[in-house]
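*Asks:* Got a predicted model here, sequence first, then my questions.
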Amino acid sequence: SQTIHQWPATLVQPVGSPLSLECTVEGTSNPNLYWYRQAAGRGLQLLFYSVGIGQISSEVPQNLSASRPQDRQFILSSKKLLLSDSGFYLCAWSVAGGTDSGNTIYFGEGSWLTVV
Amino acid sequence: AQTVTQSQPEMSVQEAETVTLSCTYDTSESDYYLFWYKQPPSRQMILVIRQEAYKQQNATENRFSVNFQKAAKSFSLKISDSQLGDAAMYFCAYRSPYGNKLVFGAGTILRVKS
């Protein structure tokens, strides 16, 4: 079965420091990968998605970037964190293609980022 | 652009009773997918149930079922025989088959009383 892992689970970083959150998926090939953010409040916002190695689409302009160096690895980065980057970050995956199962998105455990 | 609305910020239910969470959405597409996700205190998003818009039959997963009214653009979640472990934030979400984005509602906090 497929599993998704992301780390670290919790991170406290000073303003201006770099960030790297990693996510890996096991048990599937060529998945679609996503980074979501859930700020204080409730809603989830799509930050980035990727349909293949080196293919990144950004949904909103921001201080963050994403990379996909390997098929099942997705990395969220920042060179200099802002206070507003604090939040809960969720990596997710779906099966590539237009099938019914491909339209279901599965989430990782999430990473809490506090910028101080 | 599609939007999802959950009009109930909080709901409470007695253990073993039934509760219904409401969700409406707005779209001009005829084909799409609807989801309910559960987010317990651990914050992990867990898929509860999925509905394909082209299917007339309402989806069910054990104690969870939906009432999908396509014409009314309504997608409610019914939880039967509520358990303490059902306490969580529940999100309704929409996905177009032509895009990669899940559009979420604001969420409903469900409290289960013993």
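*Replies:* Yep, it's here.
*Asks:* Would you check how far apart the closest residue in space to B:Val103 that isn't next to it in sequence and B:Arg43 are?
*Replies:* Of all residues not flanking B:Val103 in the chain, B:Tyr94 sits nearest, at 4.6 Å (Cβ to Cβ, 6 or more residues apart in numbering or on different chains). Backbone N, C-alpha and C define where each C-beta goes, glycine included. Distance, B:Tyr94 to B:Arg43, using Cβ to Cβ, to the nearest Å: 21 Å.
*Asks:* Comparing these two, which shows the higher neighbour count?
*Replies:* B:Tyr94 (24 against 17; other Cβ atoms under 10 Å in any protein chain shown).
*Asks:* Of all residues in the chain, which one is nearest the centre?
*Replies:* No chain in the question, so chain A it is. A:Trp35 (2.6 Å; Cα atoms, centre = their mean).
*Asks:* You answered for a different chain; I wanted chain B.
*Replies:* Chain B, centroid-nearest residue using Cα atoms, centre = their mean: B:Trp36 at 3.3 Å.
*Asks:* Hmm, it is touching B:Tyr94, no?
*Replies:* No: if you go by Cβ atoms under 8 Å, B:Trp36 and B:Tyr94 don't touch, sitting 11.1 Å apart.
*Asks:* Listing partners with orientation, what would you give for the helix or strand where the residue nearest to B:Val103 lies?
*Replies:* Assigned by DSSP states H and E, B:Tyr94 falls within strand B:88-95. Strand B:88-95 sits in its sheet next to strand B:33-39 (antiparallel), strand B:102-104 (antiparallel), strand B:108-113 (antiparallel), going by DSSP bridges.
*Asks:* ok, and the closest non-adjacent residue to the residue nearest to the centre of chain B?
*Replies:* Per Cβ to Cβ, 6+ apart, closest to B:Trp36 is B:Val48, 4.3 Å.
*Asks:* Can you tell me which residues in chain B are near chain A?
*Replies:* B:33, B:35, B:37, B:42-47, B:50, B:52, B:89, B:91, B:95, B:97, B:100-102, B:104-107 (Cβ under 8 Å from any Cβ of the partner chain).
*Asks:* Just the buried residues from those, in PyMOL please.
*Replies:* Here is the PyMOL command that selects the buried residues among these (16 or more other Cβ atoms under 10 Å in any protein chain shown):
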select buried, chain B and resi 33+35+37+43+45+50+89+91+95+97+100+101+102+104+105+106+107
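*Asks:* pretty sure A:Asn63 is touching A:Asp85, no?
*Replies:* Yes: under the criterion of Cβ under 8 Å, A:Asn63 makes contact with A:Asp85 at 6.0 Å.
*Asks:* what do the two both touch?
*Replies:* A:Ser78 (Cβ atoms under 8 Å, 6 or more residues apart in numbering or on different chains).
*Asks:* more neighbours, the two?
*Replies:* A:Asp85 (20 against 12).
*Asks:* which one is A:Thr3 nearest to, not counting chain neighbours?
*Replies:* A:Glu26 (4.9 Å).
*Asks:* which residues does the residue nearest to B:Leu110 when sequence neighbours are not counted contact?
*Replies:* The shortest distance from B:Leu110 to any non-neighbouring residue, by Cβ to Cβ, 6+ apart, is to B:Met11 (5.3 Å). Going by Cβ under 8 Å, 6+ apart, B:Met11 touches B:Val19, B:Leu21, B:Thr108, B:Ile109, B:Leu110, B:Arg111.
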